[in-house]
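Novice: Dropping the sequence and predicted coords here.
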Amino acid sequence: MPNTQLREFCEDTYRRLRRVCADIEAFLNSTTLAQLVEEAGGDREEYEEYFRLYLSDLRHLLVNCENACERLGIVLRRAKFNPEFAEETLYKVYHNCVDLFYYPKGEVYAEDGRYSYTGHDAILFRKPVPERLKRLTLSLSKTFEYLRDELQYYETDYVTKKRMRSTS
């Protein structure tokens with residue numbers, strides 16, 4: 001990929017991740033565990049553990065996305081654009097942000113790719129969630145779906161290039 005396209009893609013990824021960070025941060029700043037449990041109804045203990053895991057996953061995702069934004073900011077602010085550093089950073093975005101979204105540690109939701117072909121949301125929640133948490137997660141899934149599609153190239157190409165450099 002030419003350096004101008006790579007730079008533009010870094011800028012686009014940076015903008016999208018900043019939006020993700022803002023959305024997650026706004027949600028976390030305005031939501032408590034007690035509110036989520038109350039909104040869900042049902043068995044209090046069961047939902048409390050579920051939402052504790054959910055909020056923990058969101059906090060981890062926020063931290064990883066903020067770190068990725070910092071690295072992308074460094075990539076974009078350097079006087080001389082460094083394509084190797086940019087590719088490494090995009091590779092890390094894929095593994096530290098996209099993968100973390102689709103494979104949350106608490107396994108509070110999962111992706112069923114079959115739904116994406118039917119026009120339905122591909123995120124399946126393990127338990128019913130309040131509407132605002134559902135909206136946030138589905139909104140994030142659209143951003144991460146785009147990033148996953150665009151960054152898959154770096155996921156494989158970066159590793160291949162690194163292997164080639166280490167064998168030569």
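Specialist: That came in fine, so what should we check first?
Novice: For Val129, which non-adjacent residue is spatially closest?
Specialist: Sequence neighbours aside, Ala40 is the residue nearest to Val129 in space, at 6.9 Å (criterion: Cβ to Cβ, 6 or more residues apart in numbering). Glycine gets a C-beta too; all of them are placed from N, C-alpha and C.
Novice: Run a quick neighbour tally on Gln35.
Specialist: 13 (other Cβ atoms under 10 Å).
Novice: my bad, Arg77
Specialist: 7.
Novice: Can you give me the distance of it to Arg7?
Specialist: From Arg77 across to Arg7, the span is 12 Å (Cβ to Cβ, to the nearest Å).
Novice: next SSE after the worst-scoring helix or strand of the chain on mean pLDDT?
Specialist: Lowest by mean pLDDT, DSSP states H and E among the helices and strands of the chain is helix 113-116, with a mean of 58. Sequence order places strand 123-125 as the next helix or strand after helix 113-116, per DSSP states H and E.
Novice: got the contact list for stretch 148-156?
Specialist: Stretch 148-156 has contacts (Cβ atoms under 8 Å, 6 or more residues apart in numbering) with 1, 9, 13, 87, 90-91, 93-95, 98, 102.
Novice: in that stretch, what's buried?
Specialist: Residues of stretch 148-156 classed as buried: 148, 150-151, 154-155 (neighbour count, 16 or more other Cβ atoms under 10 Å).
Novice: From those, which land in helices?
Specialist: Under the assignment DSSP state H, the buried residues of stretch 148-156 contribute 148, 150-151, 154-155 to helices.
Novice: which intervals of the chain have sub-threshold pLDDT?
Specialist: The chain contains residues with pLDDT under 70 at 1, 113-120, 155-168.
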